[in-house]
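Engineer: Okay, here's the prediction I keep looking at, along with the sequence it came from:
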Amino acid sequence: FLVFFFAVQVTSLFNHARALQEEVIVKLNSLTPIHIQTDDHPYICVTLDWWPNNKCDSVDGESNCAWVNASILSAPIHEGSRLQKAARALGKFTLRLGGTLADSIVYDLGTEDVSCPDFSPAPPEKAKLFTDGCLSASRWDEVLQLCPNSSPSQCDMVFGLNGMTNRTCVNVDPSRAPCFYPEATCSDTFDFSNVERLMKYTAAKGYSMKGYEFGNELTCLSPEQYASSLKQLEQLIVETSQDSNSVPFLIATDSKDPDPDFFSSFVPLVESFLHAASWHSYPLQAGVYCSGPGAANNSAVDDIIMDPSGMDDFIKNAGEMSRAVQQASPSVQTWMGETGGAYDSGCSGSTNAFMSGFWFLHSMAAFAVQGHDMFCRQTFTGGNYELVNKVTNIPNPDYYSTLLFGKLMGKKVLDIFADETSASASSVRLFAHCTPEIEGLHVEDSGEMTRDGSVTMMYLNYDDEDVLVDDDALKNGSYLRWEYFLSGVYNPKSPAADALHSDLIALNGKLLVPNPATGDLPQLSPRVVDGTAAETRLRLPGYSYGFIVYPFAGLKVCM
């Protein structure tokens, strides 16, 4: 890995000379933000899932087993581990623990005898769906330390509670997983005793959970049934938090795909205590169709990712969900509670490669425009959409773009766009936020840190050619800018993969890799540019995405 790896010449799309297309003109409505995100938690969220080691998603059921030592129960998250270092280096974020199997997990916390069987089927048998599952006290203690309430951690934790204990579910199609489809129906009855034990145990440990979700994609429950259960859960949360400094949020329903009509009926029933309405969606196709024997290649996923309009329906759904929730109750937030691009564990070579940023950053930024207050990426590790490689514990490209988004894109979302009169505008997507106070980033030779009124513009250039940008709308008389250009890097260890499909990424042409001895993450230093000369005008490299900070933009709405 190491001597050879660092000796590799960085051959990236960033370094290739490209012919320039027609100039793109940036337009900015500087009078008011489109959306101001809440200050009570970060917008960035990543997930851990429950899947066991023998979870496999290929067509033949024997391969694409992408969860070995990569779940809530099995990931190496102990003190000093590389996963823990990656989590703490990510900055301020929310860690959401949940997933499909959340509604079968039993909590064996040593407070009393409970039946707590392991997942079925057990290894070595491979499977796609499972029953049962057990969370022990020792593992829960370890998981809580991944996001401790004290420094150096900057993350909050949201936990998805089992919403099906002793609840019966009837599904008209026995060949499908029960309870996850509209034709299924569920009983009103629910046993809260195991959930209560977990919340009491957590509070007794002195841990302040940021929030609890209830159930995962349970389409078998009506709005009235869900509301009835949540009212009881809200009472338990208050009772078990009496000795705590804070009361955990309540989030629901982690619905499967957008369902504005459901939330229009559901939210008014729970608006007095519901913090956020959450939903899940995967805008690419199933990962099962892009890996494993007999499966098609990943060309269909790639086509969607690299189409600048490929996320249009996903973004439209986000707007409809936000409007439905806000119209039902302005006090309730809207969260994207889980998305990893391609469902069935993702698409290896696409959703864990450099190209993944074209759907991920696009969606994350657009959901902020559409009024969402949290965006949860599946997963931190696990599957083929992970931010950190489960085998090497080395960050994938989306890890670095997530880190930069959280550091550089503040709470105020601005109205920015590319002038459509330019032919190049069709291949470029632009987003802008007020710049937050920047912590943990190294800005060399800039003279000053960000001032009030600073603006960060995020871009995605879907074309293979460079694009020249007229960014006068952001300069305010100052030509200084900080560039964070991200590009794919050809990996000689995967000769069949080009830079778009590579798991390597460069920042301003410099390969990003952890310290091989310590696992410490590299510094993310921008290139500081004085754009007064013609040769230093803003150019967006082909097949790249990134961020440009205008520290002296002087935008009043950002002051």
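Structural biologist: Sure, I can see it.
Engineer: can you point me to the longest strand in this structure?
Structural biologist: Identified as the longest strand of the chain according to DSSP state E is strand 480-489.
Engineer: got the buried residues for the next helix or strand after that strand?
Structural biologist: Remark: after strand 480-489, the chain's next helix or strand is strand 504-507, criterion DSSP states H and E. For strand 504-507, burial by neighbour count (16 or more other CB atoms under 10 Å) applies to Leu504, Ile505, Ala506, Leu507. Heads up, the C-betas are built off the backbone N, CA and C, glycines and all.
Engineer: Then stretch 535-546?
Structural biologist: Using 16+ other CB under 10 Å as the burial criterion, the residues of stretch 535-546 that qualify are Leu538, Arg539, Leu540, Pro541, Gly542, Tyr543, Ser544, Tyr545, Gly546.
Engineer: Now the residue nearest the centre of the chain: closest residue in space that isn't a chain neighbour?
Structural biologist: Taking CA atoms, centre = their mean, the centroid of the chain lies closest to Arg377, which sits 2.0 Å from it. Distances taken as CB to CB, 6 or more residues apart in numbering place Val46 nearest to Arg377, at 5.1 Å, with adjacent residues excluded.
Engineer: Tell me, how many residues neighbour that neighbour?
Structural biologist: Close neighbours of Val46, defined as other CB atoms under 10 Å, add up to 24.
Engineer: May I have whatever helix or strand it lives in exported as CSV, CA atoms only?
Structural biologist: Assigned by DSSP H and E, Val46 belongs to strand 44-48. Once non-C-alpha atoms are left out, strand 44-48 reads as follows in CSV (Å, rounded to 0.1, in the frame of the first residue of the first chain):
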residue,chain,number,x,y,z
ILE,A,44,-25.1,16.9,7.8
CYS,A,45,-26.1,13.4,9.0
VAL,A,46,-24.6,9.9,8.4
THR,A,47,-26.0,6.5,9.3
LEU,A,48,-25.0,3.1,10.6
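Engineer: Now that strand: buried residues?
Structural biologist: Ile44, Cys45, Val46, Thr47, Leu48.
Engineer: any idea where the helices of the stretch 301-450 of the chain begin and end?
Structural biologist: Ranges of helices in the stretch 301-450 of the chain, per DSSP state H, counting those that start in this stretch, are 312-328, 356-369, 397-408.
Engineer: and Asn64, which of the ones you listed is closest to it?
Structural biologist: Asn64 lies closest to helix 356-369 among the helices of the stretch 301-450 of the chain, at 17.0 Å (CB to CB).
Engineer: my read is Leu95 is in a strand, agree?
Structural biologist: Yes - counting by DSSP: H, G, I helix; E, B strand; the rest coil, one finds Leu95 located in a strand.
Engineer: which residues of the stretch 401-550 of the chain score low on pLDDT?
Structural biologist: 439-451, 495-496 (pLDDT under 70).
Engineer: The stretch 101-250 of the chain now?
Structural biologist: For the stretch 101-250 of the chain (pLDDT under 70), the answer is 151-153, 171-183.
Engineer: Let me see the ranges of the helices in it.
Structural biologist: Using DSSP H, counting those that start in this stretch, helices in the stretch 101-250 of the chain cover 137-144, 193-204, 223-240.
Engineer: need the ones you listed in TSV with mean neighbour count, can you?
Structural biologist: Converted to TSV, these look like this (neighbours: other CB atoms under 10 Å):
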stretch	mean neighbour count
helix 137-144	16
helix 193-204	18
helix 223-240	18
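Engineer: Please identify which of those helices is closest to Thr402.
Structural biologist: helix 137-144 (20.6 Å).
Engineer: Now do that closest one: which elements does it pack against?
Structural biologist: helix 193-204 (3 or more CB pairs under 8 Å, 6 or more residues apart in numbering; DSSP states H and E).
Engineer: what angle do the helix it packs on and helix 137-144 make?
Structural biologist: 60 degrees (axes from the mean of the first three to the mean of the last three CA atoms, to 10 degrees).
Engineer: Distance from the chain centre to helix 193-204, please.
Structural biologist: The gap between where helix 193-204 is centred and where its chain is centred comes out at 27 Å by CA atoms, centre = their mean, to the nearest Å.
Engineer: Tell me the helices and strands packed up against that helix.
Structural biologist: Helix 193-204 packs on strand 106-108, helix 137-144, helix 223-240, going by 3+ CB pairs under 8 Å, 6+ apart.
Engineer: partners of the shortest one, with directions?
Structural biologist: Here the strand partners of strand 106-108, with direction, are listed using DSSP bridges: strand 134-136 (parallel).
Engineer: Please give me every residue in contact with Asp415.
Structural biologist: By CB atoms under 8 Å, 6 or more residues apart in numbering, Asp415 lies in contact with Leu28, Asn29, Thr32, Pro33, Ile34.
Engineer: Dump these to TSV, plus secondary structure.
Structural biologist: TSV is the format used below for these (three-state DSSP):
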residue	secondary structure
Leu28	strand
Asn29	strand
Thr32	coil
Pro33	coil
Ile34	coil
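Engineer: can I get those residues in CSV with distance to Ser208 and neighbour count?
Structural biologist: Shown next, in CSV, are the contacts of Asp415 (distance: CB to CB, whole Å; neighbours: other CB atoms under 10 Å):
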residue, distance to Ser208, neighbour count
Leu28, 39, 19
Asn29, 39, 13
Thr32, 35, 10
Pro33, 30, 19
Ile34, 32, 16
